[in-house]
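Asker: my questions are about this predicted structure, shown below with the sequence.
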Amino acid sequence: MCVFNTVIKGNKTDCYFYKIDFIKEKTLLDNQGFCLFHSENEEWKAENNFISYLEKLINYFKAEPLEESVFLDNIIFTGSIENIFSNKEFKKNISLKQSQFKEDLKIESTTFKDLNFELAVFNKKVAFSNLSIKKATFDNAHFKSNTNLSDCNFYLDFFMLNTLFNGGISIVNSNFHSKSFFESIKTNLDSSIRQGIVFKNIQFKDFTTFELSEFNAITDFAKIKVENELIFHNTQFNYNEPVPYTSSVTFNEVHIKEKGRLEFRGNTDNKTFNKVQDVGFLKENIEGALVFEHINFTKFSTSTRERLIAATKEKNAKVIIGAGCIKYYNQTPIKAIEISDDNQNLAVELCNTFVEYFTNNEGFNLGVEFVSKTKEHINFFYFSDEVIPYEAFEAKLQKSEESMWRLIKVKSDGLKVKPIQDSLPSKIVNATDTMVNLFSLVLKIGSRIPLGLISKEEITHLLNTTLPSNSKIVNGLVVNQIVLFGINNSQSFEVKKMG
């Protein structure tokens with residue numbers, strides 16, 4: 001009797017095949033006591049016609065009316081088995097759980113009902129082409145070399161959970177008609193294997209997920225049609241080597257149909273695309289929704305990033321950039337100002353004044369993005385694509401903020417300016433323009449004070465919170481002077497040079 005035994009779902013089981021009469025009669029055991037199906041002795045199996053017995057075994061299960069499946073679990077496959085599985089139509093389920101394939105596995109032009117490779121090990125190349133499969137399962141399987149699926153149709157659920165790949169993956173010209181689960185895939189490619197990860201000309205007709213999967217090689221999704229949800233939640237793209245003429249990760253010609261939704265979502269501690277060299281997102285066609293949350297957009301090219309950000313501002317926007325996204329190389333935390341709806345234009349004006357002053361004074365680009373507005377709040381952040389450490393960016397913001405406020409002085413009896421001491425015409429013009437803008441702002445605040453349209457608390461919050469630093473540059477004395485200035489306002493304002 002075959003000495004094979006294993007544990008399946010907590011239950012110990014021995015050799016099932018040796019109980020079948022036509023196998024038992026032959027009493028074929030290798031020198032370790034294993035039958036033809038469980039022996040690893042390839043030479044001995046070839047001498048004793050393993051392939052012939054495998055065909056007999058499959059025919060036995062196909063003919064047996066009480067057997068719902070062709071039960072091929074735990075078999076160690078040796079030699080070429082292409083002819084056994086190709087150009088066939090299997091009306092029963094095929095179960096190949098925990099099986100091992102010692103040689104290349106090639107299957108083509110076959111129709112399967114339920115094909116189950118759970119916990120299978122593929123030692124060499126796998127090539128499936130022109131297959132029609134109702135339900136396919138590859139959970140916890142191990143592919144040690146390249147895997148190629150082409151021209152396949154999967155009609156019911158497709159499962160590839162916790163699957164390990166040491167070789168490249170190529171899935172092309174195929175359709176997934178029902179739910180598909182590519183979850184927690186690991187791709188630890190052998191350094192000797194040149195093939196990357198390719199999904200090309202694929203149609204996902206139902207919910208599909210790549211949640212928690214890890215792609216550690218050049219990855220290319222091209223000509224993908226999304227008809228339902230396609231989600232990449234906490235999916236890791238980790239390839240960080242420079243790639244000539246392309247990107248570490250590419251999404252090219254993705255077509256999101258009207259009811260489709262393509263969603264990328266990382267988390268606070270691990271932004272999606274954080275670890276890759278760069279991301280290509282090209283020629284997208286969005287009829288449904290493209291959603292990003294906790295994404296590092298600095299890995300996208302500037303033109304792609306600007307195109308996607310602009311799309312979020314369109315009427316009935318189909319691109320949504322949600323919480324936690326890093327859109328720029330440097331960006332401040334989101335700042336929130338409590339200010340009434342009628343006075344929010346003052347905050348916007350001060351933000352834009354500072355952006356213009358900083359850009360002209362420092363020679364670095366700076367922008368401000370308003371995230372949301374309500375009747376009581378306005379939320380925004382400052383950003384720059386200058387490639388400098390964040391600490392240096394923060395220091396430049398602080399320096400410019402302090403120097404800008406030194407340009408003017410508010411007195412209860414008028415506004416005063418500081419003489420501009422600079423030989424560069426551009427610096428003089430920048431300082432003058434900024435002073436005019438700040439005068440305008442103070443006058444607008446002042447005009448609201450006698451009418452009770454702005455409080456001292458709002459003024460303090462506006463002047464100290466609107467700009468990037470969290471230091472209280474505009475102190476209480478200045479706020480008091482602005483309040484007095486507004487109260488003393490008598491239709492004319494005197495502007496004097498500081499002595």
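Answerer: Now that the structure is in, tell me what you want to look at.
Asker: contacts only, for residue 348.
Answerer: Neighbour list for residue 348: 370, 378 [criterion: Cβ atoms under 8 Å, 6 or more residues apart in numbering]. Heads up, the C-betas are built off the backbone N, CA and C, glycines and all.
Asker: residue 344: which element?
Answerer: Using DSSP states H and E, residue 344 maps to helix 344-362.
Asker: one more: residue 460?
Answerer: helix 456-465.
Asker: kindly provide the whole-number mean pLDDT of that helix.
Answerer: For helix 456-465, mean pLDDT rounds to 79.
Asker: same question, stretch 161-174
Answerer: 97.
Asker: what do you get for stretch 262-282?
Answerer: 94.
Asker: just the C-alphas of that stretch, formatted as PDB.
Answerer: Only the C-alpha atoms of stretch 262-282 are listed here, as PDB (Å, rounded to 0.1, in the frame of the first residue of the first chain):
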ATOM      1  CA  LEU A 262     -11.300  52.200 -10.700                       C
ATOM      2  CA  GLU A 263     -10.100  52.900  -7.100                       C
ATOM      3  CA  PHE A 264      -6.600  53.300  -5.700                       C
ATOM      4  CA  ARG A 265      -6.400  53.500  -1.900                       C
ATOM      5  CA  GLY A 266      -3.400  53.400   0.400                       C
ATOM      6  CA  ASN A 267      -3.300  54.400   4.000                       C
ATOM      7  CA  THR A 268      -1.700  57.000   6.300                       C
ATOM      8  CA  ASP A 269       1.400  55.000   6.900                       C
ATOM      9  CA  ASN A 270       1.900  53.600   3.400                       C
ATOM     10  CA  LYS A 271       0.800  55.800   0.500                       C
ATOM     11  CA  THR A 272       0.200  53.900  -2.700                       C
ATOM     12  CA  PHE A 273       3.100  54.300  -5.200                       C
ATOM     13  CA  ASN A 274       5.400  55.600  -2.400                       C
ATOM     14  CA  LYS A 275       8.200  53.100  -3.200                       C
ATOM     15  CA  VAL A 276       8.300  53.100  -7.000                       C
ATOM     16  CA  GLN A 277      10.600  55.100  -9.200                       C
ATOM     17  CA  ASP A 278       7.700  56.600 -11.200                       C
ATOM     18  CA  VAL A 279       4.200  56.000 -12.500                       C
ATOM     19  CA  GLY A 280       2.800  56.300 -16.000                       C
ATOM     20  CA  PHE A 281      -0.900  56.900 -16.300                       C
ATOM     21  CA  LEU A 282      -1.700  57.500 -20.000                       C
END
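Asker: buried sites along it?
Answerer: 262-266, 271-281 (16 or more other Cβ atoms under 10 Å).
Asker: over to stretch 2-18?
Answerer: 2, 4, 15, 17-18.
Asker: make a markdown table out of those and add secondary structure, distance to residue 127 and pLDDT.
Answerer: Below are the buried residues of stretch 2-18 laid out as a markdown table (DSSP: H, G, I helix; E, B strand; the rest coil; distance: Cβ to Cβ, whole Å; pLDDT from 0 to 100):
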| residue | secondary structure | distance to residue 127 | pLDDT |
| --- | --- | --- | --- |
| 2 | coil | 31 | 86 |
| 4 | coil | 29 | 89 |
| 15 | coil | 30 | 86 |
| 17 | helix | 27 | 85 |
| 18 | helix | 32 | 75 |
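Asker: so how far is stretch 456-470 from its chain's centroid?
Answerer: Centroid displacement of stretch 456-470 relative to its chain, using Cα atoms, centre = their mean, to the nearest Å, is 36 Å.
Asker: where in the stretch 51-200 of the chain is pLDDT low?
Answerer: Scanning the stretch 51-200 of the chain with the threshold set as pLDDT under 70 gives 191-194.
Asker: got the residue ranges for the helices in it?
Answerer: 82-85 (DSSP state H, counting those that start in this stretch).
Asker: same question for the stretch 301-450 of the chain.
Answerer: Using DSSP H, counting those that start in this stretch, helices in the stretch 301-450 of the chain cover 302-312, 344-362, 390-405, 425-448.
Asker: excluding covalently adjacent residues, which one is nearest to residue 246?
Answerer: What sits nearest to residue 246 in space, not counting adjacent residues and going by Cβ to Cβ, 6 or more residues apart in numbering, is residue 280, at 6.8 Å.
Asker: contacting residues around the one you found?
Answerer: 246-247, 249-252, 301, 304.
Asker: number of nearby residues for residue 368?
Answerer: Residues contacting residue 368 under the criterion other Cβ atoms under 10 Å number 18.
Asker: likewise for residue 40?
Answerer: 13.
Asker: ok, and the closest non-adjacent residue to it?
Answerer: residue 76 (5.5 Å).
Asker: against residue 226, how distant is the one you found?
Answerer: Separation of residue 76 from residue 226 (Cβ to Cβ, to the nearest Å): 40 Å.
Asker: okay, now the domains of the chain?
Answerer: 1-78, 335-497 (automatic domain parsing).
Asker: in JSON lines, list those along with distance to residue 214.
Answerer: JSON lines is the format used below for the domains of the chain (distance: least, Cβ to Cβ, whole Å):
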{"stretch": "domain 1-78", "distance to residue 214": "27"}
{"stretch": "domain 335-497", "distance to residue 214": "27"}
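Asker: pick out the shakiest of the ones you listed, pLDDT-wise.
Answerer: Across the domains of the chain, domain 335-497 gives the lowest mean pLDDT, at a mean of 78.
Asker: quick one: closest of the domains of the chain to residue 189.
Answerer: domain 1-78 (23.7 Å; Cβ to Cβ).
Asker: nearest residue to residue 438 in space, please, no chain neighbours.
Answerer: Nearest one to residue 438, counting by Cβ to Cβ, 6+ apart, is residue 408 at 5.1 Å.
Asker: got the phi and psi for residue 252?
Answerer: phi -120, psi 130 (degrees, to the nearest 10).
Asker: let me have the buried residues of stretch 2-18 in a markdown table, extended by distance to residue 190.
Answerer: Below are the buried residues of stretch 2-18 laid out as a markdown table (distance: Cβ to Cβ, whole Å):
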| residue | distance to residue 190 |
| --- | --- |
| 2 | 34 |
| 4 | 30 |
| 15 | 33 |
| 17 | 33 |
| 18 | 36 |
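Asker: residue 241 contacts residue 278, correct?
Answerer: No: Residue 241 is beyond contact range of residue 278, at 10.8 Å (criterion: Cβ atoms under 8 Å).
Asker: need the overlap of contacts for these two.
Answerer: residue 248.
Asker: which SS state does residue 275 fall under?
Answerer: coil (DSSP: H, G, I helix; E, B strand; the rest coil).
Asker: list the contacts of the closest residue to it other than its chain neighbours.
Answerer: Once flanking residues are discounted, residue 275 sits nearest to residue 238: 4.8 Å by Cβ to Cβ, 6+ apart. The contact partners of residue 238, by Cβ under 8 Å, 6+ apart, come to 214-216, 275-276.
Asker: the more surrounded of residue 76 and residue 226?
Answerer: residue 226 (25 against 20).
Asker: any idea what the more buried one is bridged to?
Answerer: residue 204, residue 256 (DSSP bridges).
Asker: from memory it sits against residue 258, does it?
Answerer: No: at 10.5 Å, residue 226 does not count as touching residue 258 under the criterion of Cβ under 8 Å.
Asker: what's the spacing between the residue nearest to residue 275 and residue 326?
Answerer: Counting by Cβ to Cβ, the gap from residue 238 to residue 326 is 17 Å.
Asker: likewise residue 364?
Answerer: 18 Å.
Asker: can I get the contacts of residue 238 in a markdown table with distance to residue 115?
Answerer: Listed next are these as a markdown table, based on distance: Cβ to Cβ, whole Å:
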| residue | distance to residue 115 |
| --- | --- |
| 214 | 25 |
| 215 | 25 |
| 216 | 27 |
| 275 | 34 |
| 276 | 33 |
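Asker: appreciated, that's everything.
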